[in-house]
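Trainee: Below are the sequence and a predicted model; questions follow.
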Amino acid sequence: MSSDHEITTIINSRFPSQVPKKFKVSPLPAKDFLLPLLLGAATNAVEGVTGQTHSKADTSWQRWIEFLVKANFLEADGQGNPYLGALDRSKTHRTLGAFAHSVRMCFYSKSTKGHAELVASTCRTAVDGVATAFIAADKPDLRLDSD
């Protein structure tokens, strides 16, 4: 069994954007108390994922593919490696930044309030959607640099 410190380190390294800065693992309660609690949390987590969440992630991935085609990383028909396997980590990270900028500059959708740029949370949602697809495909989280 891993120590509390090891578990905290693993969680912070896997989900850095989702873990509070002062997060740490606390000792677990007795087994007979914990099982119903975990089952309830798992059920709530599954029920908490909505169609809108999947829709936003799908939209982000479609926009990522469109961006890669326009930037000549993929063929016009979308064929190629959308995970940028031929690029080093630094270039992949910068490519994601360029994608975020294209989202911000309304290349894919207009601001609902008529602004020239989209709000940061919209860009973050798009970047997170692409990163989720990378992680689901067992690729490194491209939001993170090599350090």
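Mentor: Okay, I see it.

Trainee: Tell me where the chain is predicted with low confidence.
Mentor: Along the chain, the model assigns pLDDT under 70 to residues 1-54, 146-147.

Trainee: How is it divided into domains?
Mentor: Here the domain parsing of the chain from automatic domain parsing is 4-48, 51-136.

Trainee: Tell me which residues touch Thr92, please.
Mentor: Contacts for Thr92 (CB atoms under 8 Å, 6 or more residues apart in numbering) come out as Leu84, Leu142. Just so you know, the C-beta spots here come from the backbone N, C-alpha and C atoms, and that holds for glycine as well.

Trainee: Could you find the closest non-adjacent residue to Leu96?
Mentor: Nearest in space to Leu96, with sequence neighbours left out and distances taken as CB to CB, 6 or more residues apart in numbering, is Leu142 at 5.0 Å.

Trainee: let me redo that: Ala98
Mentor: Ranked by CB to CB, 6+ apart and with sequence neighbours excluded, the top spatial neighbour of Ala98 is Ala71, at 7.2 Å.

Trainee: what's the neighbour count on the one you found?
Mentor: 12 (other CB atoms under 10 Å).

Trainee: go on, Glu66?
Mentor: Under the neighbour criterion other CB under 10 Å, Glu66 is assigned a count of 16.

Trainee: wait, isn't it in contact with Val103?
Mentor: No. Shown here, Glu66 and Val103 do not form a contact pair, counting by CB atoms under 8 Å, at 10.7 Å.

Trainee: in the longest helix belonging to the chain, what counts as buried?
Mentor: Taking DSSP state H as the criterion, the chain has its longest helix at helix 51-70. Across helix 51-70, burial judged by 16 or more other CB atoms under 10 Å covers Lys56, Ala57, Ser60, Trp61, Arg63, Trp64, Ile65, Glu66, Phe67, Leu68, Val69.
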